[in-house]
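1. requesting a structural model of the entry that follows:
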Amino acid sequence: MIKTDLGWNTFFEKSFEPYLSEGYQAGRVSLEHKHMYRVLTESGEVLAEVSGKMRHLAIHREDYPAVGDWVVVSIRAEEQRATVHAVLPRQSKFSRKVAGQVNEEQIVATNVNTVFLVTALNQDFNVRRIERYLVLAWESGANPVIVLSKADLCEDPEALAAEVAAIAVGVPIHVISSAANRGLDQLAPYISRGQTVALLGSSGVGKSTLVNHIYGEDILETGDIRFGDDKGKHTTTHRELITLPGGGILIDTPGMRELQLWDASEGLSTSFQDVEDIAEKCFFQDCKHANEPKCAVRNALDEGTLGHERFQSYLKLQKELAYLARKEDKGLQAAEKAKWKKLHQAMKSQNNRL
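-> Numbering: from 1, shown residues only. Just a heads-up that it's a prediction; the model follows:
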């Protein structure tokens, strides 16, 4: 397969230059197993693992390959195996905090041009969840596109689309129905040759069905609507990069019911630009929007030009990021200590060999 069909461009070409003289090849990670990776290269698909040196020097999760990454590999063609020696710099990275109490990053997809934020127009429709997805999408460096699926299950999809438009200014919104073959042609321009689109959303919103439609055949298992709560069954269990017959790349992801933020302060500002624009008009620069006089935010809330639910959502996400930052500072201190310990051990081992 030609690298440009996999999303290769001048950015990655320049990043790969230091490795050219060493005889390495570049490949793109299509699937992540436990400690193993499926990598697409111009020589074909190979099963790869990271080198011992790379594993030894890795400190954070982002130091390891993720689905969508371009990696530097040495290939053993007769075995269809390879060793990953480095991860090339990423043009974009969609991350979330891992579920639970552990303060650790989970990389969902990298080097994505467009993120399809898929939400079903049924009982599971939730504007606040869309806001959360938008924050992380803007932070990733990719362009968000909101896809409102299963329009055939909604009496008034345009009304719900209007609700979304109110909190996603400037973001393209497409109402679709795979069952009724509605609006699907509107997504084609985003999936041109060499362009990567990641599909993100909760379980059962129709991501796998959408992938099958775009691909042209049923390559992914899909689930029926669950009786009782109008939610789809969870079918995708891992992240996977899929190359399309007509060009373009899709990254399908498991449904994410719990979407905790990870390092998304810029994404928060972009997603809630309307709130921050109002806050800049407050009389006091450090206004907490509580009981301060001449508070533009409180005035907007009283006048109805700023919705109470949207403002509460902004405050909640802001507090979540502040809490995460405090924990991250402690984590960075520990990681820095571990980094120097590894380097010291490596130097000591080298000196002993000499």
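2. so what strands line up beside the helix or strand containing residue 46?
-> Per DSSP states H and E, residue 46 falls inside strand 44-50. As defined by DSSP bridges, the strand partners of strand 44-50 come to strand 37-41 (antiparallel), strand 81-87 (parallel).
3. take those and lay them out in CSV including distance to residue 61.
-> Where C-beta positions appear, they are placed from N, C-alpha and C, glycine not excepted. CSV is the format used below for these (distance: least, CB to CB, whole Å):
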stretch, distance to residue 61
strand 37-41, 14
strand 81-87, 11
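4. so which of those comes closest to residue 199?
-> Across the strands paired with strand 44-50, residue 199 has its closest neighbour in strand 37-41 (18.6 Å, CB to CB).
5. roughly how far is the closest one from the heart of the chain?
-> 20 Å (CA atoms, centre = their mean, to the nearest Å).
6. ok, stretch 266-278 next?
-> Here stretch 266-278 is found 20 Å from its chain centre; the criterion is CA atoms, centre = their mean.
7. identify the residues contacting that stretch?
-> Here stretch 266-278 makes contact (CB atoms under 8 Å, 6 or more residues apart in numbering) with 131, 134-140, 168-169, 296-297, 300, 305-306, 310-311, 314, 317-318, 321.
8. can I get the buried part of those as one ChimeraX selection?
-> The following ChimeraX line selects those of the contacts of stretch 266-278 that are buried, judged by 16 or more other CB atoms under 10 Å:
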select :131,134,135,136,137,138,139,140,168,296,297,300,306,310,311,314,317,318,321
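9. tell me who's in contact with the residue nearest the centre of the chain.
-> What sits nearest the mean C-alpha location of the chain, by CA atoms, centre = their mean, is residue 94, with 2.7 Å. Residues near residue 94 by CB under 8 Å, 6+ apart: 107, 108, 109, 110, 112, 115, 136, 137, 140, 142, 198, 200.
10. so how far is the strand or helix carrying residue 71 from its chain's centroid?
-> Per DSSP H and E: residue 71 is located in strand 70-76. Averaging C-alpha positions (CA atoms, centre = their mean) puts strand 70-76 24 Å from its chain's average.
11. for stretch 63-76, same thing?
-> Chain-centre distance of stretch 63-76: 18 Å, with CA atoms, centre = their mean.
12. what pLDDT, on average, does it get?
-> What stretch 63-76 shows for mean pLDDT is 95.
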